[in-house]
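**Student:** Return atomic coordinates for the entry below.
(one chain, ligands or ions: 1)
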Amino acid sequence: MILSTRQMLLDAQAGHYAVPAFNIHNLETLQVVADTASEMHSPLIIAVTPSTIDYARDEYVVAMANIAAKHTNTPIAIHLDHFEDITRIKKSIDVGFKSAMIDASKLPFEENIAKTKEVVSYAHHYDATVEAELGKLVGVEDDLVVDDKDAAYTNPDDAVKFVKATNIDSLAVAIGTAHGLYKGEPKLDFDRLIEIRKKVDIPLVLHGASDVPDELVKKAIKLGICKVNVATDLKIPFSNAVKKYFKENPDANDPRKYMTPGKQAMKEIVKHKIEVCGSLNRY
Ligand code: 13P
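**Tutor:** Sure, this is the predicted structure:
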């Protein structure tokens with residue numbers, strides 16, 4: 001059964017670990033994250049951006065995730081990542097998504113609250129959970145592009161007001177991570193995270209966790225992060241392995257053959273991320 005993220009994130013919060021949220025794009029990537037989470041007894045959040053839904057279609061994702069859940073004991077949630085359009089969120093909830101991020105972080109505070117509230121009211125009616133973001137992450141996440149000059153860290157007092165006003169289930173915080181690869185060593189504002197954690201009691205989410213040194217991610221989890229989002233760190237090894245296969249086998253034309261090294265390369269990273277999150281052997 002496809003779950004919402006409610007219980008799995010509350011369990012992570014109580015147990016001081018994080019649930020990994022892996023962005024998938026197709027059958028192969030979904031299989032890798034589901035099989036690996038199952039082997040490692042880790043809860044799993046399967047995340048899709050709007051452009052993944054454009055590519056793969058929401059009903060396919062729901063059907064594939066249902067099959068993954070049926071064949072394992074893994075608690076699996078499917079999550080809409082960085083959705084800005086409420087109509088699209090409602091449509092995907094209608095076909096079986098149980099978790100959604102409404103990303104209205106570009107809007108002024110009061111508008112972010114109003115838009116988020118509308119999603120919460122719809123989602124909770126269907127027992128689906130809602131994540132929202134306060135502050136803005138730089139970088140590129142599929143079609144979402146945020147410039148350095150528009151980045152803003154989460155203000156802890158605003159976070160308190162926002163959570164109270166919206167009744168969201170989890171809050172994505174901007175503490176210095178970015179989508180995609182970093183130009184230098186990422187600098188995370190842990191003092192800000194401590195302050196937010198002290199003031200806000202719902203699960204906190206770290207976006208942009210690819211290319212961040214493991215020690216920093218682990219520290220963020222220790223300080224209260226309960227969900228860690230990973231996309232770029234999976235895409236790169238998958239693509240590199242497929243490219244290498246084609247270089248070595250220029251006449252290859254069987255997707256089952258050229259996709260397999262991609263899946264294997266991705267699996268190693270998924271295992272590693274589950275270890276960094278501390279989510280193994282949790283059920
Ligand atoms: P990365 O680009 O760091 O993998 O970001 C993933 C993410 O935050 C998805 O929402």
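**Student:** which ones are touching A265?
**Tutor:** 237-238, 240-241 (C-beta atoms under 8 Å, 6 or more residues apart in numbering). The way it works is simple: take the backbone N, C-alpha and C, and place the C-beta from them, glycine included.
**Student:** which one of those sits closest to M1?
**Tutor:** F238 (28.0 Å; C-beta to C-beta).
**Student:** Okay, H124 and V163: tell me how far apart.
**Tutor:** Distance from H124 to V163, counting by C-beta to C-beta, to the nearest Å: 14 Å.
**Student:** Going by neighbour count, list what's buried in the strand or helix carrying Y258.
**Tutor:** Applying DSSP states H and E as the criterion places Y258 in helix 255-277. Residues of helix 255-277 classed as buried: 258-259, 261-263, 265-267, 269-271, 273-274, 276-277 (neighbour count, 16 or more other C-beta atoms under 10 Å).
**Student:** What of stretch 47-59?
**Tutor:** Counting neighbours by 16+ other C-beta under 10 Å, stretch 47-59 gives 47-50, 52-53, 56, 58 as buried.
**Student:** Point to the helix or strand of this structure where mean pLDDT is at its lowest.
**Tutor:** Each helix and strand of the chain was given a mean pLDDT (mean pLDDT, DSSP states H and E); the minimum falls on strand 144-146 at a mean of 64.
**Student:** what's the following helix or strand after that strand?
**Tutor:** Downstream of strand 144-146, the next assigned helix or strand under DSSP H and E is helix 156-166.
**Student:** other SSEs contacting the longest strand seen in the chain?
**Tutor:** Ranked by residue count under DSSP state E, the longest strand found in the chain is strand 76-83. With contacts defined as 3 or more C-beta pairs under 8 Å, 6 or more residues apart in numbering; DSSP states H and E, the packing partners of strand 76-83 are strand 2-3, strand 19-23, strand 44-48, helix 50-56, helix 58-70, helix 86-94, strand 99-102.
**Student:** please redo it, this time with the cut-off set to 7 Å
**Tutor:** Helices and strands touching strand 76-83, as assessed by 3 or more C-beta pairs under 7 Å, 6 or more residues apart in numbering; DSSP states H and E, comprise strand 2-3, strand 44-48, helix 58-70, helix 86-94, strand 99-102.
**Student:** who does it pair up with?
**Tutor:** Using DSSP bridges, the neighbouring strands of strand 76-83 in the sheet come out as strand 2-3 (parallel), strand 44-48 (parallel), strand 99-102 (parallel).
**Student:** Can you pull the residues of the stretch 51-200 of the chain lying near the ligand?
**Tutor:** The interface of the stretch 51-200 of the chain toward the ligand, taken as C-beta under 6 Å from any ligand atom, is made up of 81-82, 141, 179-180.
**Student:** how about a cut-off of 8 Å?
**Tutor:** Within the stretch 51-200 of the chain, the positions adjacent to the ligand are 81-82, 101, 137, 139-141, 177-181 by C-beta under 8 Å from any ligand atom.
**Student:** And for whichever strand or helix holds D35, what's in contact with it?
**Tutor:** Taking DSSP H and E as the definition, D35 sits inside helix 27-39. By C-beta atoms under 7 Å, 6 or more residues apart in numbering, the list of residues contacting helix 27-39 from outside reads 22, 24, 44, 46, 64-65, 68, 72, 74, 76, 234, 238, 259, 262-263, 266-267, 270-271, 274.
**Student:** Next: stretch 110-125.
**Tutor:** 86, 89-90, 93, 100, 102, 104-105, 107, 129-130, 132, 162, 165-168.
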